[in-house]
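take this sequence and fold it.
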Amino acid sequence: MAHQFEIKHVVLLNSLTLVVIAFAALNVPISMFFGVPLGRALGPIAVCALLLFTIVLNGRGRLLLARLYFMGVSLAFIITNAFVFGKSAPGHLFLLTLVLVVYFIFPRKQKSFALWIALLGFLLFAGFEIFHESMPGLISVPVESIAMRTKGMQIGFGGLIFAFSYYIYRTFERSEKYVQAEQEKSERLLQNILPSSVIKKLRESPDTIAERFENCTVLFSDIVGFTEMSRKMPAVGVVSLLNEIFSDFDDLAEKHQLEKIKTIGDAYMIVGGLPDPGVDHAERVALFALEMLETVRHYRDKYSLPLELRIGINSGDAVAGVIGKKKFIYDLWGDSVNTASRMESHGLPGQIQVTEATYQLLQKRFTFEDRGILDIKGLGPVKGYLLMGIAA
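The predicted model follows:
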């Protein structure tokens, strides 16, 4: 069975076999028209029968043997014709067609065969071209028929070149479409990992990508008790549930024009205000957080599971960049990022906890509940608020 990468070579070889068979069969009436005895004119019929075995070999998976066999029979046919007709017809021109097609018949891993056969074909052509005018031929062709047969040979040669040129054009066209499709696929995969602006910078320069953003809003979320709950669920069920929830979160992130940073287990991290700055980043993150709670409530009712989401938000400056050589990610660093993470870990199930910095940005449009001063490990006393909803 042909490997998928060799199928095109097999199809081409089978097609060429049928073309050569048709050409060889056409030689019978043409040769008889020029006065060639029937016995000699039937020679091409034997070539047709021999060439059919090429398709048989391909069908049996003997791909290399089929290619070598086709080239051998074709070379023998062209050389025999050249000696038979001699200077009365430029049959050796068809050696050039073999030199042309050989590179398309053999795949890259067999290029040494293609090179040697192409070299042999060219040397034979050169030899016949040098001595063509002095070759008497094995049969006698009337003088008045020589010009007509020469024209016929040249037209046939030109037709094969035209047909194969079109094949090459179609091959390049399909290759370009394939490359374009693969590039678009790679682009989509890359955009699932990195922001568009970061992708552009990586293409322009291989240097480390790192930027400081003075104003952004970071959100951390975590499904409360999910680790304990997952112990009672099948592995497929755990992954399927997280995929449903996080896919909805991804849609919400796109809706609010936020940048998803990463997921770790059942934790989801997102940021607003970078890599493309915007003055309403805190507002968009707040709306996103409220819709996250609605999404989790939907799945809690749908599957009758004790799902609760705990969310922490903070606004401030952060450093963003791409790290690593393999499976690299676009990540964030800085005190504001750590504070947002602490807001989540010290928050309440089913609630959105924000810092004073975020509260100051949102207090005019949203309603809050004051949690007072929180003693946050590693940060000390931090003022906290619970985001309750959109102000009336």
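
switch to C-alpha atoms for all contacts and neighbour counts from now on
Noted.

list the contacts of Lys260.
Going by Cα atoms under 8 Å, 6 or more residues apart in numbering, Lys260 touches Asp250, Ala253, Met269, Ile270, Val271.

how close does it sit to Asp331?
Remark: distance between Lys260 and Asp331 (Cα to Cα, to the nearest Å) = 10 Å.

now swap in Lys377 and tell me
Counting by Cα to Cα - Lys377 and Asp331 are separated by 23 Å.

next SSE after the helix or strand harbouring Val101?
Per DSSP states H and E, Val101 falls inside helix 94-105. Later in the chain than helix 94-105, the nearest helix or strand by DSSP H and E is helix 111-131.

would you map the helices across the stretch 201-350 of the chain?
226-230, 235-255, 281-303, 335-345 (DSSP state H, counting those that start in this stretch).

circling back to that earlier point, more neighbours: which of Lys377 and Asp331?
Asp331 (16 against 10; other Cα atoms under 10 Å).

residues in contact with Arg310?
Ser221, Asp222, Ile223, Val224, Glu344, Ser345, Gly347, Leu348, Pro349, Gly350, Gln351, Ile352.

and Leu348, by the same measure?
Leu348 touches Arg310, counting by Cα under 8 Å, 6+ apart.

phi, psi of it?
When read as degrees, to the nearest 10, the backbone of Leu348 gives phi -120, psi 140.

kindly report the same for Val279.
phi -70, psi -20.

thought it was touching Gly273?
Yes. The criterion here is Cα atoms under 8 Å, and Val279 meets it with Gly273 at 7.3 Å.

and the two? which has more neighbours close in?
Gly273 (24 against 12).

so where is the stretch 1-150 of the chain shaky, pLDDT-wise?
1-5, 24, 26-44, 88-89, 137-150 (pLDDT under 70).

for it, just list every one of the helices.
7-33, 38-41, 43-59, 63-85, 94-105, 111-131, 143-191.

in the fourth one, what counts as buried?
When you say that, I think you mean helix 63-85. 63-64, 66-71, 73-75, 77-85 (16 or more other Cα atoms under 10 Å).

from Gly321, how far off is Lys260?
13 Å.

I meant to write Glu259 there.
Taking Cα to Cα, one finds Glu259 at 13 Å from Gly321.

could you do Val296 as well?
30 Å.

with Gly380 instead?
28 Å.

between those two, who's got more neighbours?
Under the neighbour definition other Cα under 10 Å, Gly380 and Gly321 were set side by side, and Gly321 has more, 17 against 9.

quick one: contacts for the nearest residue to the more buried one once chain neighbours are set aside?
Once flanking residues are discounted, Gly321 sits nearest to Ala210: 4.1 Å by Cα to Cα, 6 or more residues apart in numbering. Contacts for Ala210 (Cα under 8 Å, 6+ apart) come out as Val319, Ala320, Gly321, Val322.

repeat that for Arg67.
Leu13, Thr54, Ile105, Phe106.

with adjacent residues omitted, what lies nearest to the first one?
With sequence-adjacent residues excluded and distances taken as Cα to Cα, 6+ apart, Leu13 is closest to Ile105, at 6.0 Å.

burial of that neighbour, as a residue count?
Neighbours around Ile105, by other Cα under 10 Å: 26.

the closest residue to Ile79 other than its chain neighbours and Gly121, how far apart?
Spatially, and ignoring its direct neighbours in sequence, Ile79 is nearest to His92 (6.9 Å; Cα to Cα, 6+ apart). In this view, His92 and Gly121 are 10 Å apart by Cα to Cα.

repeat for Arg174
With Cα to Cα as the criterion, Arg174 and Gly121 are 29 Å apart.

also Leu65?
Distance from Leu65 to Gly121, by Cα to Cα: 18 Å.

and what of Pro136?
22 Å.

which one's more surrounded, the two?
Counted by other Cα under 10 Å, Pro136 and Gly121 do not tie: Gly121 has more neighbours, with 23 against 14.

contacts only, for the closest residue to Asn81 other than its chain neighbours.
Excluding the flanking residues, the one nearest Asn81 by Cα to Cα, 6+ apart is Gly91, at 6.4 Å. Contact partners of Gly91, counting by Cα under 8 Å, 6+ apart, are Ile78, Asn81, Ala82, Phe85, Met153.
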